[in-house]
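> Structure of the sequence below:
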Amino acid sequence: MQPTFVLVHGAFANSFSFAPLQAELGLLGHRSVAVDLPGHGFQATFTRAYQSPQDAEGLATAPGSIKGITLADNVAHLIGILERAKRNGPVILVGHSRGGITITAAANARPDLIDRIVYVSAWCPVRLDVNDYYAEPEMAGVDPGAFASALVGNPAELGLLRVNFRTANPDSLAALKDAFFADGTDEQFLTFLNTFQPDENLDVGGSADRAQAATWGRVPKTYVRLADDAGLPLALQDRLIREGDELTPDNPYDVRTLAGSHLTWLVDPAPAARALGELVTLPAPSAQA
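Purely as a prediction, here's the structure:
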């Protein structure tokens with residue numbers, strides 16, 4: 001039966017950024033569904049203060065719909081979509097960036113709904129919580145100021161993270177581009193930036209949300225490395241792959257590599273669509289043995 005690709009976005013993103021990839025998948029004959037996690041897409045908050053001319057004070061204090069949303073909320077929402085998709089046949093679950101946290105937790109909870117789980121330069125915490133990886137050597141070259149320079153308001157008071165992606169500050173824009181799309185043109189970068197939403201929830205999970213061998217470890221898995229990713233460096237991607245393989249040595253990652261930065265695969269999606277399409281006929285590890 002034809003599988004359904006279920007696509008899960010990263011931080012500050014939404015289903016809209018998957019549109020070019022879905023077009024390529026569709027032209028290759030594949031079915032896909034792009035998910036908006038709670039508080040994303042048309043549920044996101046875009047206040048008048050975010051419009052031009054911006055109201056800095058209003059932007060720093062306006063409430064956001066994503067306040068209070070947890071990783072558990074994301075997982076419950078995703079599981080509902082997986083249940084519906086599974087009625088139509090196999091499911092290939094794909095997560096990008098922070099979306100990897102959500103798909104990992106979903107696989108911990110309901111591995112029966114997933115025929116293959118795919119990480120595209122995405123978080124899959126195994127030995128550490130996500131925030132703790134930032135103190136590790138593999139993340140030493142990541143500029144923590146990329147988002148911080150455009151951060152708006154007090155996250156503790158807002159109950160969410162808010163970033164002004166419509167800033168005209170050249171230093172903030174340069175830091176964001178270097179971190180996530182250094183190989184793109186300025187025009188492509190600004191276009192993509194305008195698909196982002198300003199608010200993101202605070203909950204990235206804890207030790208209970210790390211990959212679990214008894215559940216997550218039963219699902220065939222693929223990791224698509226992004227070779228030029230400065231936001232989630234290749235060294236960290238490789239560490240996550242290694243730790244996952246050590247957790248489930250009988251079910252190692254199928255590893256693929258694409259050229260490009262953290263966002264290039266979404267702006268120029270044809271290579272990624274072909275790579276994902278190849279997974280449709282890929283046997284499970286037990287079938288390869």
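
> need the helices for this protein, in chain order.
Assigned by DSSP state H, the helices in the chain fall at 19-27, 56-61, 71-86, 99-109, 130-133, 145-148, 155-158, 170-180, 186-193, 234-247, 264-267, 270-278, 285-288.

> Okay, buried residues for the longest one please.
It stands for helix 71-86. For helix 71-86, the neighbour count (16 or more other C-beta atoms under 10 Å) marks 71, 73, 74, 75, 77, 78, 81, 82, 85, 86 as buried. Every C-beta, even on glycine, is put in place using the N, C-alpha and C of the backbone.

> possible to save the residues you listed as CSV with pLDDT and distance to residue 233?
Listed next are the buried residues of helix 71-86 as CSV, based on pLDDT from 0 to 100; distance: C-beta to C-beta, whole Å:
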residue, pLDDT, distance to residue 233
71, 98, 23
73, 98, 29
74, 98, 25
75, 98, 27
77, 98, 30
78, 98, 26
81, 98, 30
82, 98, 30
85, 98, 32
86, 98, 34
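
> residues contacting the residue nearest to residue 150 when sequence neighbours are not counted?
Nearest residue to residue 150 in three dimensions, chain neighbours excluded: residue 172, at 4.4 Å (C-beta to C-beta, 6 or more residues apart in numbering). By C-beta atoms under 8 Å, 6 or more residues apart in numbering, the contact list for residue 172 reads 149, 150, 164.

> for the last one, what are its contacts?
Translated: residue 164. The contact partners of residue 164, by C-beta under 8 Å, 6+ apart, come to 50, 54, 59, 150, 151, 152, 172, 198.

> Going by distance to residue 136, which of those residues wins?
Among those, residue 151 lies closest to residue 136 (C-beta to C-beta), at 22.7 Å.

> okay but that closest one is in contact with residue 163, surely?
Yes. Using C-beta atoms under 8 Å, residue 151 makes contact with residue 163 at a distance of 5.9 Å.

> between those two, who's got more neighbours?
Higher neighbour count among residue 151 and residue 163: residue 163, with 23 against 15, using other C-beta atoms under 10 Å.

> Could you report the neighbour count for residue 118?
Using other C-beta under 10 Å, the number of residues around residue 118 comes to 28.

> same check, this time on residue 52
6.

> what residues are up against the residue nearest to residue 274 when sequence neighbours are not counted?
Spatial nearest neighbour of residue 274, excluding adjacent residues (C-beta to C-beta, 6+ apart): residue 28 at 7.2 Å. Going by C-beta under 8 Å, 6+ apart, residue 28 touches 273, 274, 277.

> Can you give me the distance of residue 28 to residue 121?
21 Å (C-beta to C-beta, to the nearest Å).

> repeat for residue 3
Residue 3 is 22 Å from residue 121, by C-beta to C-beta.

> Show me which of these two is the more surrounded one.
The neighbour count for residue 3 versus residue 121, taken as other C-beta under 10 Å, is higher for residue 121 (28 against 19).

> Is it correct that residue 199 is in contact with residue 43?
No. Contact between residue 199 and residue 43 fails when scored by C-beta under 8 Å: they sit 10.3 Å apart.

> Between these two, which is the more surrounded one?
Just comparing residue 199 and residue 43: by other C-beta under 10 Å the higher neighbour count belongs to residue 199, 27 against 14.

> So for that one, what's the nearest residue that isn't a sequence neighbour?
Closest to residue 199 by C-beta to C-beta, 6+ apart is residue 64, at 4.2 Å.

> Can you pull the phi and psi angles for the one you found?
The phi/psi pair for residue 64 (degrees, to the nearest 10) reads phi -130, psi 140.

> can you pull the pLDDT of it?
Per-residue confidence (pLDDT) for residue 64: 97.

> so it sits right up against residue 162, yeah?
Yes. If you go by C-beta under 8 Å, residue 64 and residue 162 touch, sitting 6.7 Å apart.
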